[in-house]
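Q: coords please:
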Amino acid sequence: MDSVQTVTDMVGLYALNIAIAIVVFVIGKWLARKVTDLAVKLLRKKEGMDETLINFVDDIIYYVLMIMVILTALKQVGVDTTSFFAILGAAGLAIGLALKDSLGNFASGVMIIMFKPFKIGDVITAAGVTGKVEEVFIFNTVMITPDNQKMIVPNGAITAGSITNINAKPTRRVDLVVGIGYEDDIKKAKEVLTSIVNANDKVLLDQGITVAVSELADSSVNFVVKAWVNTPDYWDVKFALTEDIKITFDKEGISIPYPQQDVHLYKND
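A: Residues are numbered from 1 along each chain as shown. Now for the predicted structure:
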């Protein structure tokens, strides 16, 4: 009779534990969904947060919480969860090693989306590629090069080096180096260069220009010409100034020397 009572008590206790485990699972699942929804709601309130990142975070938070809920429910039934943690740890390590590069690109993508060193439409130089940013994904960034090639660059390669955001600012400075011959008139050349820059209607004269001798080189006297322009006008102004300088120098008789080398021959008696 005692043994029957003992079995009955054990069955009753086991049934109670199963009932508690079911309650833990149901409530835990409900809480996991609520916590995940709250986290997603907070992320969506953050301006500029990428929807792809939000959906990924949604899945990660929910499944991590559900694993905790399931393990808690199993422990309530009497299952030893230590082995489960060991298996999960080993599986996580194996997956991490196998997907090391992908996880690195993912982490870099999260950093790019959160800290925004550039945005869609910016022209950047990163990972050895210069182009206009067309799309930013979690694992890679799509760029269009000046000659209209589509480049897909891993985010890890972008954040591993320096990033130059070429049109992040509304204005840029055009820098030119112009050489004249040693026999040419420096003052005349300076006046001509200054007039050429002042004549370009896209140069922002209110920000000042610089025309100065910078170097006495081997074959030339070098001037630096610096002028500020609106960023979209950078290449137009640079090309126009270069062409105008050559045409005007030719008219004014100012030479633009090229590297020369004197060779002296001696005859031995």
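
Q: tell me the contacts of Gly78?
A: Tyr14, Asn17 (Cβ atoms under 8 Å, 6 or more residues apart in numbering). Bear in mind the C-beta positions are built from the backbone N, C-alpha and C, glycine included.

Q: give me the distance between the two termini of stretch 193-208.
A: Stretch 193-208 has an end-to-end distance of 14 Å (criterion: Cα to Cα, to the nearest Å).

Q: repeat for stretch 152-171
A: 28 Å.

Q: check which residues of that stretch are buried.
A: Val153, Pro154, Asn155, Gly156, Ala157, Ile158, Thr159, Asn165, Ile166 (16 or more other Cβ atoms under 10 Å).

Q: go on, stretch 221-234?
A: Val221, Phe223, Val225, Ala227, Trp228, Val229, Asp233, Tyr234.

Q: which non-adjacent residue is nearest Val40?
A: Of all residues not flanking Val40 in the chain, Asp58 sits nearest, at 5.0 Å (Cβ to Cβ, 6 or more residues apart in numbering).

Q: for burial, what's the neighbour tally of that neighbour?
A: 15 (other Cβ atoms under 10 Å).

Q: isn't it up against Leu38?
A: No - applying Cβ atoms under 8 Å, one finds Asp58 not in contact with Leu38, separated by 11.0 Å.

Q: out of the buried residues of stretch 221-234, which sit inside helices?
A: Among these, the ones falling in helices (DSSP state H) are Tyr234.

Q: any idea which of the buried residues of stretch 221-234 is closest to Ala212?
A: If you rank the buried residues of stretch 221-234 by distance to Ala212 using Cβ to Cβ, Phe223 comes first, at 6.6 Å.

Q: tell me the pLDDT at the closest one?
A: Looking at Phe223, its pLDDT reads 97.

Q: ditto for Glu47
A: 66.

Q: likewise for Asp269?
A: 63.

Q: helix or strand: which one has Asn268?
A: Counting by DSSP states H and E, there is no helix or strand that carries Asn268.

Q: how many other residues sit next to it?
A: Asn268, neighbours per other Cβ under 10 Å, totals 3.

Q: ok, it to Thr141 distance?
A: 67 Å (Cβ to Cβ, to the nearest Å).
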